[in-house]
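Asker: everything below, folded, please.
(chains A and B)
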Number of protein chains: 2
Amino acid sequence: MAAPLAISLGDPAGVGPELIAATWAAREELGLQPFVVAGGAQVLRAAAANRGIELPVAEVTHPQEAVTVFATALPVLAHVGDAKFAPGRPSPEGAALALRSLETATSLALSRAASGVVTAPVSKSELAAIGFTWPGQTEFLAHACGVEEEDAVMMLAGPSLKTVPLTVHVAISEVSSLITKELILRRCRVIARSMARDFGLASPRLAIAGLNPHAGEKGRMGVEERDVIAPAIAALVAEGIDATGPHPADTLFAPHKRGTYDVAVAMYHDQALVPLKTLDFDNGVNMTLGLPIVRTSPDHGTAFDIAGQGLARPDSLVAAIRLAAEAAANRATNP
Amino acid sequence: MAAPLAISLGDPAGVGPELIAATWAAREELGLQPFVVAGGAQVLRAAAANRGIELPVAEVTHPQEAVTVFATALPVLAHVGDAKFAPGRPSPEGAALALRSLETATSLALSRAASGVVTAPVSKSELAAIGFTWPGQTEFLAHACGVEEEDAVMMLAGPSLKTVPLTVHVAISEVSSLITKELILRRCRVIARSMARDFGLASPRLAIAGLNPHAGEKGRMGVEERDVIAPAIAALVAEGIDATGPHPADTLFAPHKRGTYDVAVAMYHDQALVPLKTLDFDNGVNMTLGLPIVRTSPDHGTAFDIAGQGLARPDSLVAAIRLAAEAAANRATNP
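Answerer: Numbering: from 1, shown residues only, chains lettered A, B, ... in the order given. Below you'll find the predicted structure:
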């Protein structure tokens, strides 16, 4: 029987626990595959009760137990530990539990006891305060998996669009200097390999956006397409990767274009995030490509300000679980 | 009886004439207000026949005749002249007709014989070759209307979004240096006044985007929001304009946000065009704010490569006519 997905709890003071509870409660109507939560049984029970969800919890010792238990109770790995339920009030104790949960879920996936990891949101500042030295969960995962950070590539996936921004949290004025042929080649190789493995695509189609309006219009509005992006695409094609572009970004996400590629490679944060959130605001998922394990996460933060109020929507967590299950199934078929 | 809209023919070798014919033919099902075409009766007849459209043409001498004629024939102003029908093969003769048509339609709107102008697409290079010195139709219109080019503001409008890019055809690396407090103030004043007049809004809501990811996140990813955009918004608010922001661009166009403003002000071309074309690819309209006359145009070019093949869609021209009619009606009510 296939291994279940492992879900890390996220910060117990955030919306993670209540969304995990809400997702388990809707498992039948959503047709979800079994998952197991790494720790936090008490937090999960309290978050569920607080949200008005009836949540039987089954404390288990091995993920495989989750598969049979899942239909009637939320399986939780008991040895990971627990914390007090204090929505909206993060604490070092809570951050420590979030970290143990992440470490455990990752280890289970690496040992194949879990088919993949779905990480609920953590607070970077709370983790930093207890000595976590990585900028975020993705960098931690890359290190835990023995992958260079540069090769752990964030993809954003919605029902109608998958897209990778090549640069992320940098000012617009700095983007041009960060876009190099080497960066495009390195990331696109990871994207092509991962899309093939995780989505069962023989030759994934990468549509690579230009940086400037109209993709520079032959150098009239910027030279990055001519000098950097087009040569990188030519090199990718020479390697046998189905890469096209540079495409003008304004039309790349239009309905009739979205069917022509499997992933859109964007040059900067908003070039990827604007169309994704315009189209799929509640269903966006963050997926890390390039790891030896499947990893997805919901596309939102801890939302401490609304935790415990029953306002947070589980849509993105549900989508993250679905996407991880899809990728895990494809990896099992094409290892 | 209200004056009709005046439609300029556009380049007769482009898709303009066939789309005008197709739009007239669908006038009843679309419930379109009367319009009159400035010239090109022969071109229109031939373009219609070539597209398989039955098109009775009524050559008229004054726009007012169009109102009664419109139900049974496409009214065309005879004195503007004509050209040969040669789809896909632009010529100086055709460019000269396009220019006379634009000049005539503009004059009719300025004299109030027409309630507004809808301009079909022209070829900038063909116009330049016959001595047209303006970069495009918008600059010509600003000059003809006695408005400074800086105050003729391009707005893009779709069924679900109206947006103004503050910079347009410039490289991404140059955008930051072009965004000034003065530019934001000047353009937003025009936008606020025009949105009030053209859409009957007592106090139009302007949502102003940030330039950088997460609107700079308090200066961590760019300082333009803190140093330029936020001070400009404060000054607009002090003038009584309902301006908000700087908003993170990635969420600004999400479904639940689009209802919170009347127009989104973007910092660069793709920040406006990506969401517009993602949402409303076929129905985008270009509207010029800040003119004493109503002016819209379809959001596509001459498309010489497909002219005469019956492939071009009239959706954007239809939307441009509807939007011009809406603005003209609002101006008639609130002059």
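Asker: and the residue nearest to A:G301 when sequence neighbours are not counted, how many neighbours does it have?
Answerer: Closest residue to A:G301 in three dimensions, ignoring its sequence neighbours and counting by CB to CB, 6 or more residues apart in numbering or on different chains: A:P121, at 5.0 Å. The way it works is simple: take the backbone N, C-alpha and C, and place the C-beta from them, glycine included. Applying other CB atoms under 10 Å in any protein chain shown, we find 25 residues neighbouring A:P121.
Asker: hmm, A:P121 is touching A:F304, no?
Answerer: No: assessed by CB atoms under 8 Å, A:P121 is found out of contact with A:F304, at 9.9 Å.
Asker: give me the common contacts of the two.
Answerer: A:11, A:14 (CB atoms under 8 Å, 6 or more residues apart in numbering or on different chains).
Asker: just the strands in the stretch 101-250 of chain A please.
Answerer: Listed in chain order, the strands of the stretch 101-250 of chain A (DSSP state E, counting those that start in this stretch) span residues A:117-119, A:153-158, A:161-165, A:205-209, A:242-247.
Asker: and the closest residue to A:I241 other than its chain neighbours, what does it touch?
Answerer: Spatial nearest neighbour of A:I241, chain neighbours left out: A:A192 (4.7 Å); criterion: CB to CB, 6+ apart. Counting by CB under 8 Å, 6+ apart, A:A192 touches A:204, A:206, A:236, A:241-243.
Asker: let's see it at 7 Å
Answerer: For A:A192, the contact set (CB atoms under 7 Å, 6 or more residues apart in numbering or on different chains) comprises A:204, A:206, A:241.
Asker: how near is the last one to chain B?
Answerer: What that stands for is A:I241. Note on A:I241: its distance to chain B, by CB to the nearest CB, to the nearest Å, is 25 Å.
Asker: check the second one too.
Answerer: A:L206 sits 18 Å away from chain B, taking CB to the nearest CB as the criterion.
Asker: measure that residue to A:L161 for me?
Answerer: Using CB to CB, to the nearest Å, A:L206 is found at 14 Å from A:L161.
Asker: cool, and the last one?
Answerer: Distance of A:I241 to A:L161, computed by CB to CB: 20 Å.
Asker: ok, now A:K218?
Answerer: A:K218 is 28 Å from A:L161, by CB to CB.
Asker: same question, A:E239
Answerer: 25 Å.
Asker: give me the more crowded residue out of these two.
Answerer: Neighbour totals were compared for A:E239 and A:L161, and A:L161 leads with 21 against 11 (other CB under 10 Å).
Asker: what bridges to the more buried one?
Answerer: Per DSSP bridges, the residues bridged to A:L161 are A:G158.
Asker: residue contacts, it?
Answerer: A:L161 is in contact with A:253, A:258, A:264, A:275-276, A:279-280, counting by CB under 7 Å, 6+ apart.
Asker: now tabulate these in JSON lines and tack on distance to A:L317, neighbour count and secondary structure.
Answerer: Putting these into JSON lines (distance: CB to CB, whole Å; neighbours: other CB atoms under 10 Å in any protein chain shown; DSSP: H, G, I helix; E, B strand; the rest coil) gives the following:
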{"residue": "A:F253", "distance to A:L317": "25", "neighbour count": "29", "secondary structure": "coil"}
{"residue": "A:R258", "distance to A:L317": "24", "neighbour count": "17", "secondary structure": "helix"}
{"residue": "A:A264", "distance to A:L317": "24", "neighbour count": "28", "secondary structure": "strand"}
{"residue": "A:P275", "distance to A:L317": "22", "neighbour count": "30", "secondary structure": "helix"}
{"residue": "A:L276", "distance to A:L317": "17", "neighbour count": "28", "secondary structure": "helix"}
{"residue": "A:L279", "distance to A:L317": "19", "neighbour count": "22", "secondary structure": "helix"}
{"residue": "A:D280", "distance to A:L317": "14", "neighbour count": "22", "secondary structure": "coil"}
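Asker: contacts with chain B among these, please.
Answerer: Residues of the contacts of A:L161 in contact with chain B (CB under 7 Å from any CB of the partner chain): A:253, A:275, A:279.
Asker: care to break chain A down by domain?
Answerer: With domains defined by automatic domain parsing, chain A comprises A:5-149+A:291-333, A:153-276.
Asker: using TSV, lay out those together with mean pLDDT.
Answerer: Formatted as TSV, these follow (pLDDT from 0 to 100):
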stretch	mean pLDDT
domain A:5-149+A:291-333	97
domain A:153-276	97
